[in-house]
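S.K.: how does the following fold in three dimensions:
(chains A and B)
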Amino acid sequence: MSEQKPQTVPTTGHVWDGDLQEYNNPLPVWWVYTFYATVIFALVYWTIYPSWPFGKGWIGGVSKISYVNSEGEAKTHSWNTRALLLADMNKAAIAQKPYFDKVEAMSYEEIAKDPEMSGFVISAGKTLFADNCAPCHQAGGQGMIGFFPDLTDDDWLYGGSYEKIHETLMGGRRGYMPAFSEVLVGTEIDQLANFVASLSGIGHDTAKAAAGKVLFHGDAAGCHACHGSDARGRQDMGTPNLTDNIWLWANVPAADTDEGKVAAIRGVIASGLNRGVMPAWSGRLLPEQIKVLTVYVHELGGGQ
Amino acid sequence: MQTGQKDQSELYQKRIPIFTRSVKGRFRRFKTSVLALAYAIYFLLPWLPWQRLDAPAQAVLFDLPGRRFLIFGLTVYPQDVIWLALLLFIAAILLFFVTGLVGRAFCGYFCFQTLWTDFFIWIEHLAQGERPARMRLHRQPWNSEKLAKVGGTHALWMLASFWTGLTFVAYFTYAPQLLVDFFTGQAAPAAYITAGILTLSTYVAAGLMREQICTYVCPYGRFQSVMYEPETLAVHYDARRGEAAHGRAPARAGQRTLAERHEKGVGDCVDCGLCVQVCPVGIDIREGLQYKCISCGLCIDACNNVMDSFGFPRGLIRYDSEMNLASPVPAAPKAQWKNLKTIGYGLALVLMTAYLAYSVATRGSFERAVNQIRQPLYVVLSNGDIRNRYQIRITNKAAQDQTYAISARGIPADALDLGNFSEIIIKPGHSALVQASVRLPLAVAAQTQRFELVITPQGKPAEAKVEYVRFDAPGKRP
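M.R.: Numbers count the residues shown, from 1 in each chain, chains lettered A, B, ... in the order given. Below is the predicted model of the structure:
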């Protein structure tokens, strides 16, 4: 390697100022041919794929993408990634269509009994749920205490039959409870909270609970009007059962002490709530998608 | 040898063309038999019919869209990937085992590069004649004869390569249909691309590159060298006998018989050069064991033939070990298997083969996977009970519809809720999902860490499979 090669580089032949010459060191042959190959590649590429802007559009190229869209119209585009995506999406939609058609034709019970359709609902429902419902109800449908109801338990505010779940999905829901700090004083709210705690077997002050029971059934507070005289809630109004272990608004499970649990209940009674809003999905999702979700949600909590 | 400046500046040495002479003998017969057998299997297997209920009647069909390999009566699903792992392990161990005993036997007799190269050389021989004729043809200027012979050779190579590629594709789809579709332009793009790539690679590897693949490309040839032991049998030239005191010499007058040669101190090698002429990798075995040697044994055949014609004893080039050749009194060459390495490999080979055979023979007629639903891990129900949910996927690997029953052990009988699917019918090759939920009172839940889910195919209680699953409850830490 250390040996010096004889200097035999030719010059371009031009001579300036009598003695200035220029060496002629051409590019390596492989480089030149690679360059020519890229030129040819570009020409071929221009012919096949969209390339130059032209007027208000562009030169589309000879490669085309054809597909039948959801309205059944045949569409042909020059090749581009958007058309490629559309073609893929429509292909997938066409492959799914027989299943969705079956979903439309079958009753809820038939779908739940058919292994194949049940499998389809589990997988298609999971995707639909993740896209539309999971932001509030969470990925597994477990909801979030204080915000969104848990769909995986056996408690259904508005009813857990297929028909009721469908109704909830189609029309949405709006839960409301007035703020009782406006009509009751602090001690009364505390008494009510102790009474509600007693219903679920949470440690409480018996004297306060007894007073709370009177308040619950009395007309000043009027709790029984919505929650029922047995405090088990009314599904036609979406009022929760206060006697069970399910908590949506008052974060009772998170509190370690009985005082904390009662305080959580007190907070809800005092300030009421006006955020139990579920949007209506009838205009946003297709009927068969809502049907799939109905079966999926029914399956999540085991229905009623 | 002084190489010119031009050669020094080139990155690669120019290939010296090799024109192998054909030879007859034991090793040639063995190689030809292996070639015939391997080709018969490779080229005919996709055409072997095999009646099936739910798939094309092809004995060996790698059904990629169906996610299954159909091999005679066996259906292999992706879940059986352990078999592939075992097969690869067995192949690797077999290579180690054989190489330690008898050297690069895989390279010399079984490797597809060797087989296809051998076949391509046979085509070349068919079209252009024996070695001297081929050399003459190579040297002579281009004329119609050379064009026809060389062109014909390449055309035949192309044809053989194409059929190799097409046969490969035929393993992945119904072969008779593929043949029609392929030539009417109806086959899948993947079929054309695969056949095209394999045609080209076969043509280049077996026709043009040949021994360069073994020398420069293939890693196996190189790492097999490290498995050689001094006791390993390999193709060796007995230099002590061949060279004697004064080296090899042609069989001229006065040194024709062994007695005359030994008296003069001349070796038994008559320097005919046939061992070099038959060598497919273009080496001279008399220079000793070398990395290019694929150990095909053709030089042994060539030398034995020459020894026979002079009436000399055979085996001047033979399978022998380095140790035996170096010993003062060489014994008869023998495979030395009594060492820890060989016995260890042999044991691993037997164990793994037995395990694979056992695993295939006792494969279940169905596959199951149970996943606990982890979002949420558990649900507190209105009366304080705890519910866990599980997703059970059952794949029916049998050839007919099958009903499966799911039950639980280790929890109260009424705790398991399978919805509508306490029994489920699954079509062959299909999977079904069953959502199971288990509900336990808080006190029981706190005691239950695990329980068993039993999946029983109807009518085959012996094939029932048990899956151990977790049960989670509040307060428990994983």
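S.K.: what about residue A:300, which helix or strand?
M.R.: helix A:287-301 (DSSP states H and E).
S.K.: determine how far that helix lies from the middle of the whole chain.
M.R.: Its chain's C-alpha centre and that of helix A:287-301 lie 14 Å apart, by CA atoms, centre = their mean, to the nearest Å.
S.K.: and what of stretch A:202-216?
M.R.: Distance, stretch centre to chain centre, for stretch A:202-216: 42 Å (CA atoms, centre = their mean).
S.K.: is that stretch in proximity to chain B?
M.R.: No. Stretch A:202-216 stays clear of chain B (CB under 8 Å from any CB of the partner chain), getting no nearer than 11.7 Å. The way it works is simple: take the backbone N, C-alpha and C, and place the C-beta from them, glycine included.
S.K.: just the CA coordinates for that stretch, please, in PDB.
M.R.: C-alpha atoms of stretch A:202-216 as PDB (Å, rounded to 0.1, in the frame of the first residue of the first chain):
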ATOM      1  CA  ILE A 202     -70.500   0.600  56.200                       C
ATOM      2  CA  GLY A 203     -69.700   1.600  59.800                       C
ATOM      3  CA  HIS A 204     -71.900   4.600  60.800                       C
ATOM      4  CA  ASP A 205     -73.300   6.600  63.700                       C
ATOM      5  CA  THR A 206     -76.600   4.800  64.500                       C
ATOM      6  CA  ALA A 207     -78.300   7.900  66.000                       C
ATOM      7  CA  LYS A 208     -77.500  10.000  62.900                       C
ATOM      8  CA  ALA A 209     -78.500   7.100  60.600                       C
ATOM      9  CA  ALA A 210     -81.900   6.900  62.300                       C
ATOM     10  CA  ALA A 211     -82.400  10.600  61.900                       C
ATOM     11  CA  GLY A 212     -81.300  10.300  58.300                       C
ATOM     12  CA  LYS A 213     -83.800   7.600  57.600                       C
ATOM     13  CA  VAL A 214     -86.600  10.000  58.600                       C
ATOM     14  CA  LEU A 215     -85.100  12.600  56.300                       C
ATOM     15  CA  PHE A 216     -84.800  10.100  53.500                       C
END
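S.K.: just the buried residues of the helix holding residue A:300, please?
M.R.: Of the residues in helix A:287-301, A:288-301 count as buried by neighbour count, 16 or more other CB atoms under 10 Å in any protein chain shown.
S.K.: contact partners of that helix?
M.R.: Identification of contacts with helix A:287-301 by CB atoms under 8 Å, 6 or more residues apart in numbering or on different chains yields A:100-101, A:103-104, A:108, A:111-112, A:121-122, A:124-126, A:128-129, A:132-133, A:141, A:151-154, A:156, A:160, A:162, A:165-166, A:169-170, A:281-282, A:285, B:419, B:435.
S.K.: returning to what we had before: need the buried residues of helix A:287-301 in JSON lines (columns: distance to residue B:294 and pLDDT).
M.R.: Supplementary listing: those in JSON lines, determined by distance: CB to CB, whole Å; pLDDT from 0 to 100:
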{"residue": "A:288", "distance to residue B:294": "65", "pLDDT": "92"}
{"residue": "A:289", "distance to residue B:294": "64", "pLDDT": "93"}
{"residue": "A:290", "distance to residue B:294": "69", "pLDDT": "95"}
{"residue": "A:291", "distance to residue B:294": "67", "pLDDT": "95"}
{"residue": "A:292", "distance to residue B:294": "62", "pLDDT": "95"}
{"residue": "A:293", "distance to residue B:294": "65", "pLDDT": "95"}
{"residue": "A:294", "distance to residue B:294": "69", "pLDDT": "95"}
{"residue": "A:295", "distance to residue B:294": "65", "pLDDT": "93"}
{"residue": "A:296", "distance to residue B:294": "62", "pLDDT": "93"}
{"residue": "A:297", "distance to residue B:294": "67", "pLDDT": "94"}
{"residue": "A:298", "distance to residue B:294": "68", "pLDDT": "92"}
{"residue": "A:299", "distance to residue B:294": "63", "pLDDT": "89"}
{"residue": "A:300", "distance to residue B:294": "64", "pLDDT": "89"}
{"residue": "A:301", "distance to residue B:294": "69", "pLDDT": "83"}
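S.K.: closest one to chain B out of those, please.
M.R.: residue A:299 (6.0 Å; CB to the nearest CB).
S.K.: could you measure from residue A:264 over to residue B:291?
M.R.: Residue A:264 sits 80 Å away from residue B:291 when distances are taken as CB to CB, to the nearest Å.
S.K.: those two - which one has more neighbours?
M.R.: Per other CB atoms under 10 Å in any protein chain shown, whichever of residue A:264 and residue B:291 has more neighbours is residue A:264, with 21 against 14.
S.K.: leaving out sequence neighbours, find the closest residue to the more buried one.
M.R.: residue A:250 (4.3 Å; CB to CB, 6 or more residues apart in numbering or on different chains).
S.K.: and the one you found, that one's in a helix?
M.R.: No. Counting by DSSP: H, G, I helix; E, B strand; the rest coil, residue A:250 is located in no helix; its state is coil.
S.K.: now the strands for the stretch 151-300 of chain B?
M.R.: Per DSSP state E, counting those that start in this stretch, the stretch 151-300 of chain B carries strands over the ranges B:233-237.
S.K.: next: the stretch 1-150 of chain A.
M.R.: For the stretch 1-150 of chain A, applying DSSP E, counting those that start in this stretch gives strands covering A:11-16, A:20-23, A:53-54, A:57-58, A:64-68, A:74-78.
S.K.: among the ones you listed, which comes closest to residue B:112?
M.R.: Among those, the nearest to residue B:112 by CB to CB is strand A:64-68 (40.1 Å).
S.K.: for the record, mean pLDDT for the closest one?
M.R.: Mean per-residue pLDDT for strand A:64-68: 86.
S.K.: re the thing from before, residue B:44: which of the strands of the stretch 1-150 of chain A is closest?
M.R.: Closest of the strands of the stretch 1-150 of chain A to residue B:44 is strand A:64-68, at 40.9 Å (criterion: CB to CB).
S.K.: what's the neighbour count on the closest residue to chain A within the stretch 301-450 of chain B?
M.R.: Distance from chain A to each residue of the stretch 301-450 of chain B (CB to the nearest CB) is smallest for residue B:375, at 2.8 Å. The number of residues packed near residue B:375 is 12, by other CB under 10 Å.
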